[in-house]
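Engineer: Sequence isn't available, so here's the structure alone:
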Ligand code: BG6
């Protein structure tokens, strides 16, 4: 809506000394970050590029140190070389700035060992003490679990046994970041929470969901709670229904062993999509603090109406892609992807109809859909308002008019648009739908930081607002586990959609039965 350039880029803030005050506000304190799974994909594609970007934006202190931990025997120098190649490939700022990399990489170290070997944790402890002395990391520690989830419990236990859950000095802090998936059903999530909580206090635990680090997702909070306009209409009286879509054109990208265990519901719905749902549906929190925000989110998750045992068909659709075409390229069937069982029952598509049983939302459907190998990559929240109660202009095109729609485009083409009716210029009262558009790109003229940049910095600063609390994870699992159990009772007829289609036909019928249609993004 505005074309004005409002804020300088983070890069500009970093090089403009006049903005020193602004920059220092968010600079992390000295600390050592131990990355378990330090040589893995996540470390290379996401963590290291995000840390380098923070260094580039001068948001990391000179003392910031990384200790990579993994099985392969590497020297510190070899680890730095591998990470340089990864940052060169995956950083959002190209080309790499050599002076920044040189000083940042001086803080990278490596230790090899087995995740379940108690001795390895003694070596980590000794190395961290040494780094406190040589690098000035002040005893502050951030443990990042970037390993396969099966290793989470043992790492947590070993950290506890090695006495690494407390810092060496009274004022030092220790935090642990746990990647998703946090468990694979309610039982395992409770067990994992139990293991983590037997060693760490909840305030030390940061369960990461990278969707919460996305600028556009955070903007949902800003949009709802800093504009007086929306609150009066943000409820069952004015909103007909909400559609949340997370569509991906990619398939499972060599992650068969993980995906065969997970599937669409566990991979995306339990985590990212339920977080989006909670942000759209939550009550205004009393302040923007970790627990007040999370208290409201968890209330939404608790209020989701359970699906009656015998009515799964009315509330859910699952799908799996067969072979097809996307963007002019042939895509193999899920069951033909390397590492996938030829008769795999794993879903790559899920659509749900949910109701949130509270005063704000009673009987307002929330439709969620996610799938792999859909026609394009798009994540959006569509708030569909009810029709105007009385149409004055019915004879002049008014009846065909779509009701108001507020569309929050999470990615790509990040922005928000509002659809409303307008008069077409001319002698008759002819109406048409038009859009009022806000686009991040033109309103702010800055590149949004990657989600991991924001989340890593928040964690170093001790701000858990954008991380998932144990009760949120368990509530989301409670719903998803029940659903998975219901699905397991019947054998699915897979594949039931072609790669490149918008999911199974059944998903269209699912909404048609309610007199509605999926939006075509
Ligand atoms: C991950 C899922 O959490 O999110 C992947 O495991 C998915 O399957 C990815 O592709 C999507 O993230 P983004 O940021 O690309 O939307």
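Structural biologist: Cool, the structure landed. Please read all numbers here as calculations on a predicted model, not as lab measurements.
Engineer: so where do the helices sit in the stretch 401-521 of the chain?
Structural biologist: For the stretch 401-521 of the chain, applying DSSP state H, counting those that start in this stretch gives helices covering 440-444, 451-461, 470-488, 505-512.
Engineer: just those: most buried one?
Structural biologist: Comparing these by mean neighbour count (mean count of other CB atoms under 10 Å), helix 451-461 ranks first with a mean of 22. For every residue, glycine as well, the C-beta is placed using N, CA and C.
Engineer: who does that one touch, helix- and strand-wise?
Structural biologist: Using 3 or more CB pairs under 8 Å, 6 or more residues apart in numbering; DSSP states H and E as the contact test, the elements touching helix 451-461 are helix 48-56.
Engineer: so how far is the helix it packs on off the chain centroid?
Structural biologist: Centroid separation for helix 48-56 versus its chain: 19 Å, with CA atoms, centre = their mean, to the nearest Å.
Engineer: cool, stretch 154-170 as well?
Structural biologist: 28 Å.
Engineer: do the same with stretch 109-127
Structural biologist: Its chain's C-alpha centre and that of stretch 109-127 lie 30 Å apart, by CA atoms, centre = their mean.
Engineer: That stretch: which residues count as buried?
Structural biologist: For stretch 109-127, a neighbour-count test (16 or more other CB atoms under 10 Å) marks 109-113, 115, 120-122, 124-125, 127 as buried.
Engineer: returning to that earlier point: who wins for proximity to residue 167 among the helices of the stretch 401-521 of the chain?
Structural biologist: Across the helices of the stretch 401-521 of the chain, residue 167 has its closest neighbour in helix 451-461 (13.7 Å, CB to CB).
Engineer: Rounded mean pLDDT for that closest one, please.
Structural biologist: Average pLDDT, helix 451-461: 96.
Engineer: That one to helix 48-56, inter-axis angle?
Structural biologist: Helix 451-461 and helix 48-56 meet at an angle of 60 degrees, taking axes from the mean of the first three to the mean of the last three CA atoms, to 10 degrees as the criterion.
Engineer: Contacts made by helix 451-461 with the rest, please.
Structural biologist: With contact meaning CB atoms under 8 Å, 6 or more residues apart in numbering, helix 451-461 is reached by 26, 28-29, 31, 33, 46-47, 49-51, 53-54, 59, 142, 175, 177, 206, 208, 210-215, 218, 464-467.
Engineer: that older thread, narrow the buried residues of stretch 109-127 to those in strands?
Structural biologist: Among those, DSSP state E puts 109-112 in strands.
Engineer: Could I get the buried residues of stretch 109-127 in TSV, plus columns for distance to residue 457?
Structural biologist: As requested, the buried residues of stretch 109-127 are exported to TSV (distance: CB to CB, whole Å):
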residue	distance to residue 457
109	21
110	23
111	24
112	28
113	28
115	27
120	28
121	27
122	30
124	23
125	26
127	24
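Engineer: For these, work out which two are farthest apart.
Structural biologist: Largest separation among the buried residues of stretch 109-127 by CB to CB: 109 and 115, giving 17.7 Å.
Engineer: can you give me the helices for the stretch 201-350 of the chain?
Structural biologist: Going by DSSP H, counting those that start in this stretch, the stretch 201-350 of the chain shows helices at 215-225, 256-264, 274-281, 290-302, 312-315.
Engineer: follow-up on the earlier one: any chance of the helices of the stretch 401-521 of the chain in a markdown table with distance to residue 162 as columns?
Structural biologist: Converted to a markdown table, the helices of the stretch 401-521 of the chain look like this (distance: least, CB to CB, whole Å):
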| stretch | distance to residue 162 |
| --- | --- |
| helix 440-444 | 45 |
| helix 451-461 | 21 |
| helix 470-488 | 23 |
| helix 505-512 | 50 |
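Engineer: Looking at these, spot the one closest to residue 239.
Structural biologist: Nearest of these (CB to CB): helix 505-512, 16.0 Å.
Engineer: gap between the closest one and the chain center?
Structural biologist: Averaging C-alpha positions (CA atoms, centre = their mean) puts helix 505-512 27 Å from its chain's average.
Engineer: any idea how far residue 146 is from residue 69?
Structural biologist: Per CB to CB, to the nearest Å, residue 146 is found 10 Å from residue 69.
Engineer: My error: substitute residue 314 in the last question.
Structural biologist: Distance, residue 314 to residue 69, by CB to CB: 48 Å.
Engineer: list the contacts for residue 292?
Structural biologist: Contact analysis of residue 292 by CB under 8 Å, 6+ apart lists 285-286.
Engineer: Please apply the same query to the one 3 residues further on.
Structural biologist: For residue 295, the residues meeting the contact criterion (CB under 8 Å, 6+ apart) are residue 285.
Engineer: Report pLDDT for it.
Structural biologist: 96.
Engineer: Would you mind measuring from it to residue 475?
Structural biologist: For residue 295, the distance to residue 475 equals 12 Å [CB to CB].
Engineer: Please apply the same query to residue 521.
Structural biologist: Applying CB to CB, the value for residue 521 to residue 475 is 28 Å.
Engineer: cool, and residue 424?
Structural biologist: Plainly put, residue 424 is 48 Å away from residue 475 if you go by CB to CB.
Engineer: what's the nearest residue to residue 113 once chain neighbours are set aside in contact with, if anything?
Structural biologist: In space, and not counting its chain neighbours, residue 113 is closest to residue 120: 3.2 Å by CB to CB, 6 or more residues apart in numbering. The contact partners of residue 120, by CB under 8 Å, 6+ apart, come to 69, 111, 113-114, 158.
Engineer: What is the most widely separated pair among the residues you listed?
Structural biologist: By the measure CB to CB, 111 and 158 form the most distant pair in the contacts of residue 120, at 13.5 Å.
Engineer: can you list contacts of stretch 382-390?
Structural biologist: So stretch 382-390 is contacted by 233, 238-245, 280, 403-408, 519 (CB under 8 Å, 6+ apart).
Engineer: hmm, back to that, same drill for residue 314 and residue 69, tell me which one is more crowded.
Structural biologist: Neighbour count, other CB atoms under 10 Å: between residue 314 and residue 69, residue 69 has more, with 26 against 12.
Engineer: Am I right that the more buried one falls within a strand?
Structural biologist: Yes - applying DSSP: H, G, I helix; E, B strand; the rest coil, one finds residue 69 inside a strand.
Engineer: beta partners of it?
Structural biologist: Beta bridges link residue 69 to residue 36, residue 111 when assigned by DSSP bridges.
Engineer: how close does it get to residue 125?
Structural biologist: Counting by CB to CB, the gap from residue 69 to residue 125 is 12 Å.
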